[in-house]
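Asks: Provide a 3D model corresponding to the input given below.
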Amino acid sequence: MRSMLLVFLLLVAVAVVVIQWRARAHEAAAEAAHPPAGEIVTVDGVPVHYKTMGAGPDLVLIHGASGNLNEFTMGFAQKLSERYRVTLFDRPGLGWTGRLPDKAGAWNSAEETPHEQASLLAAAADKLGVRNPIVMGHSFGGIVAIAWGLARPQETAALVLVAAVAEPWPGDLGPTYTVGGTTLGGALLIPMVTAFLPEGYVERSIGSVFAPQDAPEGYAKHLGVGLTLRRESIRANSQQVNALRPHVVEMQKRYGTLTMPIELVHGTADTTVPADIHAKVFVNDVPNGNLTLLPGQGHMPQQTAQDDIIAAIDRAAARAGLR
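Replies: The predicted model follows:
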């Protein structure tokens, strides 16, 4: 019996070594294929990856879950740079931005809250000379943009919220985030995802997020999906999403203080962050909001309806007196 136990433990140890080795190999390949697209600025010891382009009023772009700043560089940020100084950030734990010191590690289950993320990125923006910006957030980036506005109401010219998480939602977000956001899930299961997740699963996931539109040709390669599938990035993403709802509940109580111009743009066919739950409710919670619904658009209008998003940014700039 004892010998069987020893054999079992030996097999488990070998499996762990193989999984971790394969995960490290996949991470190294992803990082080699997708080095930082911009520069790094350090805030209280945390590296923050950013990219700046153009000239004009300051505009900050914040990406959503499972993403990085490359989300906006398939032509979108380049168009905006013709009349704005555009600053793009990777959120904590994603892309090339590090996690906060007390959040990292295989056995950690603590998330970076929307306020902590906004504080880190705003401090980085200060170092870059960004002043009175329009802050645009997509999806999860939307709630970070709202947290930015709540923390700096007099120093935020306007908010632009694209398919943004903004209000509490019913139910949970499914087992992927629930399990991945726990201590055991983060330490034991996530390395297996990094090591063995099939390419077809990634393609189907991208397709479901873009539906009913199609992802642009080369989207996954440009984004650098392998960066999102690194162990620490999956942990960060899962923990941040899994723990988000209570923060939104508390933030909602202060939405009436958001007096800056707010432009919301949301697709009517968005099933990832439904407009009925988020944008249509939020626009009535703030004193200076304007909602534009895009018929038939899904969750990724910054890719599939760029002109509509650019028009919303221009409206925000005009309403804020920047144009």
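Asks: how about the strands in the stretch 151-300 of the chain?
Replies: Secondary structure of the stretch 151-300 of the chain by DSSP state E, counting those that start in this stretch: the strands cover 158-162, 262-267, 289-294.
Asks: and these, which is most packed in?
Replies: Comparing these by mean neighbour count (mean count of other Cβ atoms under 10 Å), strand 158-162 comes out on top with a mean of 29. From N, CA and C alone the C-beta is placed, and that goes for glycine too.
Asks: in the stretch 151-300 of the chain, what spans have low per-residue confidence?
Replies: For the stretch 151-300 of the chain, the stretches with pLDDT under 70 are 174, 177-179, 181.
Asks: separation between residue 85 and residue 60?
Replies: 10 Å (Cβ to Cβ, to the nearest Å).
Asks: So between the two, which is more surrounded?
Replies: residue 60 (27 against 20; other Cβ atoms under 10 Å).
Asks: mind checking how far that one is from residue 93?
Replies: From residue 60 to residue 93 the distance is 18 Å (Cβ to Cβ).
Asks: related to what we said a few turns ago, between the strands of the stretch 151-300 of the chain, which one is closest to residue 239.
Replies: With Cβ to Cβ as the measure, strand 158-162 is the member of these nearest residue 239 (22.8 Å).
Asks: C-alpha coordinates for the closest one, PDB please?
Replies: This file holds the C-alpha atoms of strand 158-162, laid out as PDB (Å, rounded to 0.1, in the frame of the first residue of the first chain):
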ATOM      1  CA  ALA A 158     -15.100  63.400 -20.100                       C
ATOM      2  CA  LEU A 159     -15.800  59.600 -20.100                       C
ATOM      3  CA  VAL A 160     -16.500  57.500 -23.100                       C
ATOM      4  CA  LEU A 161     -17.900  54.100 -22.200                       C
ATOM      5  CA  VAL A 162     -17.900  51.500 -25.000                       C
END
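Asks: Now find how far off-centre it is within its chain.
Replies: Here strand 158-162 is found 14 Å from its chain centre; the criterion is Cα atoms, centre = their mean, to the nearest Å.
Asks: Repeat that for stretch 290-310.
Replies: Distance, centroid of stretch 290-310 to centroid of chain: 17 Å (Cα atoms, centre = their mean).
Asks: Over to stretch 20-33?
Replies: Distance of stretch 20-33 from the chain centroid (Cα atoms, centre = their mean) equals 22 Å.
Asks: Would you mind listing the buried residues in that stretch?
Replies: The neighbour-count check on stretch 20-33 (16 or more other Cβ atoms under 10 Å) flags 20, 23, 26-27, 30 as buried.
Asks: Would you mind listing the outside residues contacting it?
Replies: Stretch 20-33 is contacted by residues 191, 194-196, 224-227, 229-231 when judged by Cβ atoms under 8 Å, 6 or more residues apart in numbering.
Asks: Brilliant, that's me finished.
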